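A.B. asks: need a 3D model of the sequence below.
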Amino acid sequence: MVLTCPLMTSSHPSPPVDGPSTRRFWIILALIMCVAMGVRLVNLAVTQWDQTPTGDARFYHESARLLADGHGYIDPFRYIEGYPDRTERIEFEHFGIPITVEVPPGIEQPTMSHPPLWPMLLAGAQWVGLETPNQQRLLGTFIGVLGVGLIGVAGRRLFGAQVGLIAAGLAAVYGFLVLNDASLMSESLVVVFVPIATIVAVRWWRSPSWGLAALLGLLTGLGGLLRPELIMYAPFVLISAILVHRDRWRRLLAETAIAAVVAGLVLSPWVIRNLTVFEKPMTLSQTGTTLAQTNCDATYFGDKLGYWELFCGGVVPAVSTEDIPDESVRDVQRRQQAIDYARSHPMRLVTVAVPVRILRMFNLFGPIQTAKYDVVVEGRSLGASVFSLVEYYLVAVAAVIGVVIARRRRLDLSVVLAWPALVAIVAALGFGNNRYRVTCEPALLWLAGLAIYAAFGRILAAKRSRVSATTQNTAISVSS
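C.D. replies: Next up is the predicted model:
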């Protein structure tokens, strides 16, 4: 079996060898996308239809509604519920005894809890009549199906048409993608973003140019408006290219600068807004709450080791009902709380907490426990989560085999392996969670597709060898 790939170590690699014709590839891919749609609609009908959004899903839905209604990008919970949060809004009297202060609904506080791209897309859906959670879940389902198709297209660009179709077929029924697409959250759009960014990165890796570098920068900026960690992908690819192609480092460094400038231009409106509307200087997204919830006794020593704990957010006091701390004030204080805790437990952080976070992210620590947390936090069914977990292990093992096959064929996988590396960094800095692993799921599917294709190739080659041997023996018998 001959396998070629654009990610070769040579400067001018050959394009992948396609098995099916171009027309046949698109027909099969369309059929796979139809299957993906059917699977997702069944999952939506059975597990999520008419469920009240909670947590991040509720934030996205309500913030999009307020954005569409002209309120700007504000904290939907403060606007809808007021300020009853006992862990954030208190007064002190008589020896520091906390007293809850409830502020009525209608507070318009700017937010940066989540980057704005997904809420903006949902706000656009509101403008065209997709207003209910069910309608927006359907939108997420369609976006997820588009992601399946793009996984196939990117797989074709990486390893050939057969691998692309196998990867798309896996994505169509891959539980952790299916569950995300009915969740009302941004992961569906991430699965669209990752293949597009990978395709552009492959093209740039094969044939660097100013235009492709600028396009990488554009995608980097858009990625930052979707999920902050997506900003890291393009720099990872660009730096890897400089290390591999050292003879062209000046040109590649210049193109990296172009990408950085374009990314900065895309991000600048959001960053300028955050620097001007908040009391404390903020850039892309708040981090203090997450850091506080992942650096405490419960996540260093307790049952939620490597995970997060809601009630570790800490108290952000105020002195009167008029002095309501904005999101940046709460973020700064909680970040400091997290830093102080980590500094007081440095060995536990380095030797236990961080490794367990990474292991939990890849379901190598407490997988059933994490699945049970998904039931409470993400609103998933335990049965669906466990089934998805089994699928994940099968895909992950195949992906590891795919890496071995690629390395034996001297294929450079920098563009692909950047995604799992990025997810590992996210886990190390935060916590392990099935939903947050979505960024590297397409990479696992591409590598698993490569392994499956190689396995089929070996089986077919062995079968042909046996047929050839049988034919030869028959011919010898006849002649004698």
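A.B. asks: flag the shaky bits of the stretch 301-450 of the chain, pLDDT-wise.
C.D. replies: Within the stretch 301-450 of the chain, the stretches with pLDDT under 70 are 314-323.
A.B. asks: my bad, should have said the stretch 1-150 of the chain
C.D. replies: Checking the stretch 1-150 of the chain against pLDDT under 70 turns up 1-20, 82-104.
A.B. asks: and the strands in it, which stretches?
C.D. replies: 90-93, 97-100 (DSSP state E, counting those that start in this stretch).
A.B. asks: can you name the residues that contact the residue lying closest to residue 173 once chain neighbours are set aside?
C.D. replies: Spatial nearest neighbour of residue 173, excluding adjacent residues (C-beta to C-beta, 6 or more residues apart in numbering): residue 39 at 5.6 Å. Glycine gets a C-beta too; all of them are placed from N, C-alpha and C. Each residue near residue 39 by C-beta atoms under 8 Å, 6 or more residues apart in numbering is listed here: 172-173, 178.
A.B. asks: quick check, nearest of these to residue 127?
C.D. replies: residue 178 (27.9 Å; C-beta to C-beta).
A.B. asks: just the element for that closest one, please.
C.D. replies: Following DSSP states H and E, one finds residue 178 within helix 175-181.
A.B. asks: in stretch 440-455, what counts as buried?
C.D. replies: Within stretch 440-455, the residues scored as buried using 16 or more other C-beta atoms under 10 Å are 440-454.
A.B. asks: likewise for stretch 330-344?
C.D. replies: Residues 330-335, 337-338, 341-342 are the ones in stretch 330-344 that count as buried (16+ other C-beta under 10 Å).
A.B. asks: chain center to that stretch: distance?
C.D. replies: With C-alpha atoms, centre = their mean, to the nearest Å as the basis, stretch 330-344 stands 26 Å off its chain's centre.
A.B. asks: so which residues make contact with it?
C.D. replies: Residues contacting stretch 330-344 (C-beta under 8 Å, 6+ apart): 88, 280, 282, 286-289, 291-292, 294-296, 313-314, 316, 325, 349.
A.B. asks: show me those residues that map onto helices.
C.D. replies: 288-289, 291-292, 294 (DSSP state H).
A.B. asks: turn the contacts of residue 39 into CSV, including neighbour count, pLDDT and distance to residue 402.
C.D. replies: Converted to CSV, those look like this (neighbours: other C-beta atoms under 10 Å; pLDDT from 0 to 100; distance: C-beta to C-beta, whole Å):
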residue, neighbour count, pLDDT, distance to residue 402
172, 25, 97, 18
173, 16, 97, 18
178, 25, 95, 22
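A.B. asks: how close does residue 168 get to residue 242?
C.D. replies: 32 Å (C-beta to C-beta, to the nearest Å).
A.B. asks: between the two, which one's more packed in?
C.D. replies: residue 168 (30 against 17; other C-beta atoms under 10 Å).
A.B. asks: list the contacts for the closest residue to that one other than its chain neighbours?
C.D. replies: Leaving aside its sequence neighbours, residue 168 sits nearest to residue 152 (C-beta to C-beta, 6+ apart; 3.1 Å). Residue 152 makes contact with 29, 32, 164-165, 167-168, 171, according to C-beta under 8 Å, 6+ apart.
A.B. asks: among the residues you listed, who's most crowded?
C.D. replies: residue 167 (34 neighbours).
A.B. asks: name all residues that make contact with residue 29.
C.D. replies: 149, 152-153, 164-165, 168.
A.B. asks: and if you look at residue 259?
C.D. replies: 213-214, 216-217, 220, 234, 238.
A.B. asks: pull out the buried positions in the host helix or strand of it.
C.D. replies: Assessed by DSSP H and E, residue 259 sits inside helix 249-277. Buried residues in helix 249-277, counted by 16+ other C-beta under 10 Å: 252, 255-256, 258-260, 262-263, 266-267, 270, 273-274, 277.
A.B. asks: which of those sits closest to residue 199?
C.D. replies: Nearest to residue 199 among the buried residues of helix 249-277, with distances taken as C-beta to C-beta, is residue 259, at 15.6 Å.
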